[in-house]
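Visitor: following is a predicted model, sequence given first.
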Amino acid sequence: MPVPGAAAPRRRRSWVVTTIAALLGLVAVLVTVLMTVPVPTTATALLALGIDGAQEITLVLLVAGLGLALAAWRRRARAATWLSGLCAALMLVMTVVPGVALARTASAEGSTVSLGSYLGHGLSLGSGRPHDARTLTYATVDGTGLKLDYLPAHGKARAGGSRPAVVYVHGGGWKIGSREDGYPWGTWFTDRGYAVFTIDYRLLPHADWQTGPGDVKAAVGFVRDNADRFGVDPSDITLFGESAGGHLAMMAAYTQGDPMFPPTVPHPDTSVRAVINFYGTTDFDDALAHSTAPGLIRAATREYVGGTREQQPDRWYASSPVHHVRPGLPATLSVHGRDDRLIPPSQLRLLDAALARAGVPHRSVELPWAGHLFDLTRGNLATQVAGGVIDRFERHYAR
């Protein structure tokens with residue numbers, strides 16, 4: 001004899017499972033759209049940044065969809081089973097297709113990718129402050145010290161006792177960010193025998209189109225002047241910047257000796273041997289014309305140069321690294337996500353063509369299914385490919 005009221009709790013549980021499955025399906029569809037469809041507005045472009053920086057969310061949704069489908073099937077909730085199953089199928093495609101594309105790129109670039117790193121560290125944002133990091137002042141401006149963190153190299157030094165150095169410049173639209181953003185890549189480099197210096201620089205609105213490159217040059221000059229103190233080779237310094245930091249790294253490297261962009265404090269030499277640019281702006285005109293978030297680009301560049309293109313044409317022109325390309329520049333590596341919604345990959349192509357015309361040693365790599373901030377999480381496939389590309393570049397050009 002049936003127990004009175006027994007069917008009602010079962011129906012309620014089925015309704016709850018179906019609702020969860022529907023919400024999961026909506027999230028899966030949203031993720032797919034953000035990963036595959038050009039976003040038409042600034043608001044959706046900002047939302048896409050989260051997906052660009054953590055594509056491993058598709059793997060999480062895949063596992064969640066499979067688990068929910070199994071639970072719904074056991075409860076005989078047909079609608080929930082179908083919804084969660086379709087979610088899992090969609091996320092399987094969105095996990096496998098980018099993975100295969102990035103694996104092919106890794107093979108073409110001589111890199112390797114590890115499924116274990118992807119599964120174990122794909123969503124990790126990296127380590128905190130390294131235990132052996134030391135904070136130092138590299139320049140003083142108007143009584144305020146500009147800081148850097150020195151991360152000592154690990155492992156054996158070269159035969160002569162010196163080490164290569166990396167000066168890391170953080171991103172953040174010239175307005176936010178700090179030297180701490182460089183810890184994940186910094187520890188990656190120190191494990192490979194580099195001494196790393198992650199720097200702060202003056203941010204908007206307390207900076208302008210000259211102070212950013214000037215601060216970066218001052219940091220490089222500080223490292224060069226104290227090379228013996230840090231045990232580094234002053235002739236083997238690489239500038240590495242991401243996003244706005246990539247722009248500033250190129251500006252500092254490409255305007256060596258230019259009186260328009262002096263170092264913040266005097267140094268006899270602020271040159272570097274190589275520069276690594278991750279998804280940095282190379283040409284303001286092209287960035288504004290092709291970004292899917294032109295409002296953000298327009299606002300950021302206007303604040304950076306102190307006006308619009310029409311109001312400050314000379315500053316606008318001078319602030320684009322591509323306009324400073326000439327023979328004899330440091331070897332340059334540029335890495336850009338092919339699906340970058342903020343800084344369009346055409347930025348990399350323009351710079352690549354200019355460097356080729358000038359005969360500057362360079363490598364330019366576009367990563368499929370990768371967007372702005374693709375290396376935000378440490379174990380993802382795009383970051384692994386990028387690490388291999390850096391290794392190959394440094395072996396070929398920077399040592």
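Guide: Now that the structure is in, tell me what you want to look at. Numbering: from 1, shown residues only.
Visitor: CA atoms for contacts and neighbours, from now on please.
Guide: Fine.
Visitor: low pLDDT regions in the stretch 151-300 of the chain?
Guide: Across the stretch 151-300 of the chain, the ranges flagged by pLDDT under 70 are 159.
Visitor: and the strands in it?
Guide: Ranges of strands within the stretch 151-300 of the chain are 163-169, 195-199, 232-242, 274-278, based on DSSP state E, counting those that start in this stretch.
Visitor: what does the stretch 1-150 of the chain give?
Guide: Applying DSSP E, counting those that start in this stretch to the stretch 1-150 of the chain gives strands spanning 134-141, 144-151.
Visitor: of those strands, which is nearest residue 15?
Guide: Each of the strands of the stretch 1-150 of the chain has some distance to residue 15 by C-alpha to C-alpha; the shortest is strand 144-151, at 54.2 Å.
Visitor: buried stuff in the closest one?
Guide: 146, 147, 148, 149, 150, 151 (16 or more other C-alpha atoms under 10 Å).
Visitor: in JSON lines: those, plus distance to residue 212.
Guide: Below are the buried residues of strand 144-151 laid out as JSON lines (distance: C-alpha to C-alpha, whole Å):
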{"residue": "146", "distance to residue 212": "12"}
{"residue": "147", "distance to residue 212": "14"}
{"residue": "148", "distance to residue 212": "14"}
{"residue": "149", "distance to residue 212": "18"}
{"residue": "150", "distance to residue 212": "20"}
{"residue": "151", "distance to residue 212": "22"}
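Visitor: ok, which pair from these is furthest apart?
Guide: Pairwise across those, and taking C-alpha to C-alpha, the largest span is found between 146 and 151, at 16.6 Å.
Visitor: surely residue 326 and residue 361 touch.
Guide: No. Using C-alpha atoms under 8 Å, residue 326 makes no contact with residue 361, being 11.3 Å away.
Visitor: spit out the residues that contact these two alike.
Guide: Common neighbours of residue 326 and residue 361 (criterion: C-alpha atoms under 8 Å, 6 or more residues apart in numbering): residue 355.
Visitor: where does residue 333 fall, helix, sheet strand or coil?
Guide: Judged by DSSP: H, G, I helix; E, B strand; the rest coil, the three-state class of residue 333 is strand.
Visitor: for residue 363, see how far away it is.
Guide: Distance of residue 333 to residue 363, computed by C-alpha to C-alpha, to the nearest Å: 5 Å.
Visitor: tell me which of the two has more neighbours.
Guide: residue 333 (23 against 19; other C-alpha atoms under 10 Å).
Visitor: residues contacting that one?
Guide: Contact partners of residue 333, counting by C-alpha under 8 Å, 6+ apart, are 274, 275, 276, 277, 362, 363, 364, 365, 390, 393.
Visitor: with residue 88 instead?
Guide: 61, 62, 63, 64, 65, 66.
Visitor: what's the answer for residue 59, then?
Guide: Per C-alpha under 8 Å, 6+ apart, neighbours of residue 59: 91, 92, 95.
Visitor: could you check the pLDDT of residue 53?
Guide: Per-residue pLDDT puts residue 53 at 48.
Visitor: joint contacts of residue 333 and residue 363?
Guide: The contact lists of residue 333 and residue 363 share residue 393, where a contact means C-alpha under 8 Å, 6+ apart.
Visitor: can you pull the pLDDT of the nearest residue to residue 284 once chain neighbours are set aside?
Guide: Leaving aside its chain neighbours, residue 284 sits nearest to residue 320 (5.9 Å; criterion: C-alpha to C-alpha, 6 or more residues apart in numbering). What the model reports as pLDDT for residue 320 is 98.
Visitor: residue 320 touches residue 283, doesn't it?
Guide: Yes. Residue 320 lies in contact with residue 283 (C-alpha under 8 Å); the separation is 4.7 Å.
Visitor: give the full set of residues in contact with the residue nearest to residue 223 when sequence neighbours are not counted.
Guide: Distances taken as C-alpha to C-alpha, 6+ apart place residue 234 nearest to residue 223, at 7.6 Å, with adjacent residues excluded. Neighbouring residues of residue 234 by C-alpha under 8 Å, 6+ apart: 164, 165, 223, 224, 227.
Visitor: can I assume the fourth one is in contact with residue 269?
Guide: To tie it back to what came earlier, the one meant is residue 224. Yes. Contact status for residue 224 versus residue 269: in contact at 7.5 Å, counting by C-alpha under 8 Å.
Visitor: and the two? Which one has more around it.
Guide: Higher neighbour count among residue 224 and residue 269: residue 224, with 25 against 17, using other C-alpha under 10 Å.
Visitor: tell me who's in contact with the more buried one.
Guide: Contacts here follow C-alpha under 8 Å, 6+ apart; on that basis residue 224 touches 234, 269, 270.
Visitor: right, I'll leave it there.
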